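Asks: after the sequence you'll find the predicted model.
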Amino acid sequence: MYTLVRYSEIGLKGDYARKRMENILKRNILKGLESNGCRAEIHSERGRIFVESDGPESAVNFSLSHTFGVKSYSHVNRFEFGDLEDLIEKVSGTYSSIVAGKKFAIRARCTGTHSFGSRELSIKAGDGLFPFSAGVDLESPDVEIYIEVRDRVAYTFTEIIPGPGGLPLGSESRMVGLVSGGIDSPVASWFIMKRGSPVDFVFLALAHPVDTVDFLRAIRPLVREWSYGTDPLIHIVDGTKVVTELAYASNYRVPGLTFKRILYRIAESIAKEVAAKGIVTGESLGQVSSQTPDNLLSINATIDFPIYRPLIGFDKDETTSLARKIGTYVEDTHGEFCALFSSKAVITSEPIEINDDMDRFGDLSSIIRSRKMYHGSQIGDLLAQFETEKFDTSEPKPDSIIVDLRSREQFTGWHFPGSFNVSPDKIQDFVREHGSNRNYVFYCQKGLQSAFVASKLRTEGFDSSYITLDKLMKSAKSTPVEQKQL
């Protein structure tokens, strides 16, 4: 199979940069085809890349449609010809049955030295196919036939398939992406990758392995399907201390904003260590309280490193649509932890408030040093490992103590029969009262908070697990019960 690949921005560069980017693009195309089971040979000439592959068309399409720098591509017929008459004969023989009963148009382009030009080729090819067709229609034809002539070789095709565009991955400097298991941050990293920068991923695990699995699922398409030619690093940071301090301590002024500053500090340190040139986040202006202009200014204070926000002007629907398109949208996640750090939204803040909280929190170096680092090529094994380590349950045991961590209002609206409504900051008192030899099952609105509490108790030797609200509701009895509040 012959495929003609086009690029756009690369062609605007100077000779040195153009050649460099073209070589990176060719390397990435070959790596992408190889990862999709295709062997290929590749060469370039005058703004075009030509790929000869033995793979199925579907595999070639998938690879090229996920290779940054590819503006468009076409599967082509390749003809060597002697003169214009020979070329017209070959075009007619190939496309006479395709234009039968249809209106068509010829789009010709000639590069090199020939005895004919693009206009003459279009007219002659049209004359050759006219008797087999329903006529010529240059405005809205049923079939468009493209002919690209390069010296004594012609490439013909009927379809131009769009690629992702952008610049070849690896042609610009490395970045570090702050990524959660949510929708926005993977899309933000994708945009930076589209501009040629490889992205290493930094994740603060707040309820490992539960939220870690969500994170890995979200970035898996970026690693496997959009990173051809690179092998990004994955940094997983243990955030247990962050949750314990900010969510359950009362002496922090703006814990939700301080949490974001901590994320930036961690990313900044890792970025400098790996020689990255910036931090990428998924923030959108005003989408949540921490992303107001005032709060972004306060969070950014003291961060001496570039922060890129590709989604700053996007609304949630736009980002969600793009996440589905590029494959990073995960249908079933446990949500994000941000709301846990503050019961009341803070719309405006001053840098000094976060600075005071950071002084109270203390040094982050031990948290950063203890992180686990993996290569993107390990992501399949990591997911398999962490999936088996999860401690969720589909149905509580008959003797389980079931704890609802949601708000009083949510608990009153519906709760599992016989469950206790306990504030997360009172869990230690609760389990001390009920004993260490009991089985505890926790649930919350989406699962992440209950997963954290269950995980923390497990490290202390308790028999604990969590269950999603949907699964719990399915197993609940329909009879009303007395509410319990602690």
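Replies: The structure has been received and is ready for your questions. Numbers count the residues shown, from 1 in each chain.
Asks: how about the strands in the stretch 151-300 of the chain?
Replies: 153-157, 161-162, 175-178, 199-205, 233-238, 279-280 (DSSP state E, counting those that start in this stretch).
Asks: take those and write them to CSV, including mean pLDDT and distance to Phe62.
Replies: The way it works is simple: take the backbone N, C-alpha and C, and place the C-beta from them, glycine included. CSV is the format used below for the strands of the stretch 151-300 of the chain (pLDDT from 0 to 100; distance: least, C-beta to C-beta, whole Å):
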stretch, mean pLDDT, distance to Phe62
strand 153-157, 96, 19
strand 161-162, 98, 11
strand 175-178, 98, 23
strand 199-205, 97, 21
strand 233-238, 97, 23
strand 279-280, 98, 25
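Asks: list just the one of these that sits closest to Gly112.
Replies: Closest approach to Gly112 among the strands of the stretch 151-300 of the chain (C-beta to C-beta): strand 153-157, 9.2 Å.
Asks: give the buried residues for the closest one.
Replies: The neighbour-count check on strand 153-157 (16 or more other C-beta atoms under 10 Å) flags Ala154, Tyr155, Thr156, Phe157 as buried.
Asks: any chance of JSON lines for the residues you listed, columns distance to Ser185?
Replies: JSON lines is the format used below for the buried residues of strand 153-157 (distance: C-beta to C-beta, whole Å):
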{"residue": "Ala154", "distance to Ser185": "47"}
{"residue": "Tyr155", "distance to Ser185": "41"}
{"residue": "Thr156", "distance to Ser185": "44"}
{"residue": "Phe157", "distance to Ser185": "38"}
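Asks: which two among those are spaced furthest apart?
Replies: Ala154 and Phe157 (10.6 Å).
Asks: so can I have a markdown table of the strands of the stretch 151-300 of the chain showing distance to Ser450?
Replies: Compiled in a markdown table, those are given as follows (distance: least, C-beta to C-beta, whole Å):
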| stretch | distance to Ser450 |
| --- | --- |
| strand 153-157 | 56 |
| strand 161-162 | 44 |
| strand 175-178 | 24 |
| strand 199-205 | 16 |
| strand 233-238 | 19 |
| strand 279-280 | 30 |
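Asks: figure out which of those strands is closest to Asp470.
Replies: Here strand 199-205 is closest among the strands of the stretch 151-300 of the chain (C-beta to C-beta), at 23.3 Å.
Asks: tell me the contacts of Leu87?
Replies: Taking C-beta atoms under 8 Å, 6 or more residues apart in numbering as the criterion, Leu87 is in contact with Phe79, Phe81, Leu121, Ala125, Val149, Ala154.
Asks: restricted to helices, list the residues you listed.
Replies: Judged by DSSP state H, the contacts of Leu87 include Leu121, Ala125 as members of helices.
Asks: emit the ChimeraX select command for whichever of the contacts of Leu87 are buried.
Replies: Buried members of those, defined by 16+ other C-beta under 10 Å, are picked up in ChimeraX with:
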select :79,81,121,125,149,154
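Asks: which of the contacts of Leu87 sits closest to Gly47?
Replies: Closest to Gly47, out of all of the contacts of Leu87 and judged by C-beta to C-beta, is Val149, at 14.2 Å.
Asks: show me what contacts that closest one?
Replies: Leu87, Ala108, Arg109, Cys110, Thr111, Gly112, His114, Leu121, Tyr155.
Asks: distance check, it against Phe116.
Replies: 9 Å (C-beta to C-beta, to the nearest Å).
Asks: got any residues that touch both of those two?
Replies: The contact lists of Val149 and Phe116 share Cys110, where a contact means C-beta under 8 Å, 6+ apart.
Asks: ok, residues contacting stretch 277-284?
Replies: Counting by C-beta under 8 Å, 6+ apart, 173-180, 182-189, 192, 197, 199, 264, 267-268, 271, 291, 296, 305-316, 319 sit against stretch 277-284.
Asks: can you give me the buried ones in it?
Replies: Gly278, Ile279, Val280, Thr281, Gly282, Glu283, Ser284.
Asks: out of these, which one sits closest to Ala476?
Replies: Gly282 (35.4 Å).
Asks: what's the burial count for the nearest residue in space to Phe442 that is not next to it in sequence?
Replies: Nearest residue to Phe442 in three dimensions, chain neighbours excluded: Ser450, at 3.8 Å (C-beta to C-beta, 6 or more residues apart in numbering). Residues lying near Ser450 (other C-beta atoms under 10 Å) number 29.
Asks: do the same with Ala249
Replies: 12.
Asks: which residues touch it?
Replies: Pro255.
Asks: swap in 10 Å and give it another go.
Replies: Pro255, Arg360, Phe361, Asp425 (C-beta atoms under 10 Å, 6 or more residues apart in numbering).
Asks: in the one helix or strand Glu89 maps to, what's buried?
Replies: According to DSSP states H and E, Glu89 maps onto helix 84-95. Under the neighbour-count criterion of 16+ other C-beta under 10 Å, helix 84-95 has Leu84, Leu87, Ile88, Lys90, Val91, Ser92, Tyr95 buried.
Asks: report the angle between that helix and strand 153-157.
Replies: In terms of direction (axes from the mean of the first three to the mean of the last three C-alpha atoms, to 10 degrees), helix 84-95 departs from strand 153-157 by 30 degrees.
Asks: any idea how far the nearest residue to Lys103 once chain neighbours are set aside lies from Val99?
Replies: Computed as C-beta to C-beta, 6+ apart, the closest residue to Lys103 that is not its neighbour in sequence is Asp137, at 3.9 Å. From Asp137 across to Val99, the span is 11 Å (C-beta to C-beta).
Asks: more neighbours: those two, which one.
Replies: Under the criterion of other C-beta under 10 Å, the comparison of Asp137 against Val99 puts Val99 first, with 25 against 15.
Asks: how about the more buried one, secondary structure?
Replies: The local conformation at Val99, judged by DSSP: H, G, I helix; E, B strand; the rest coil, is coil.
Asks: any idea how far it is from Pro164?
Replies: 32 Å.
Asks: and the helices in the stretch 101-250 of the chain, which stretches?
Replies: Assigned by DSSP state H, counting those that start in this stretch, the stretch 101-250 of the chain shows helices spanning 118-129, 184-194, 210-225, 240-248.
Asks: now those helices as JSON lines including distance to Ile379 and mean pLDDT?
Replies: Conversion of the helices of the stretch 101-250 of the chain to JSON lines gives the following (distance: least, C-beta to C-beta, whole Å; pLDDT from 0 to 100):
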{"stretch": "helix 118-129", "distance to Ile379": "48", "mean pLDDT": "96"}
{"stretch": "helix 184-194", "distance to Ile379": "13", "mean pLDDT": "98"}
{"stretch": "helix 210-225", "distance to Ile379": "5", "mean pLDDT": "95"}
{"stretch": "helix 240-248", "distance to Ile379": "23", "mean pLDDT": "86"}
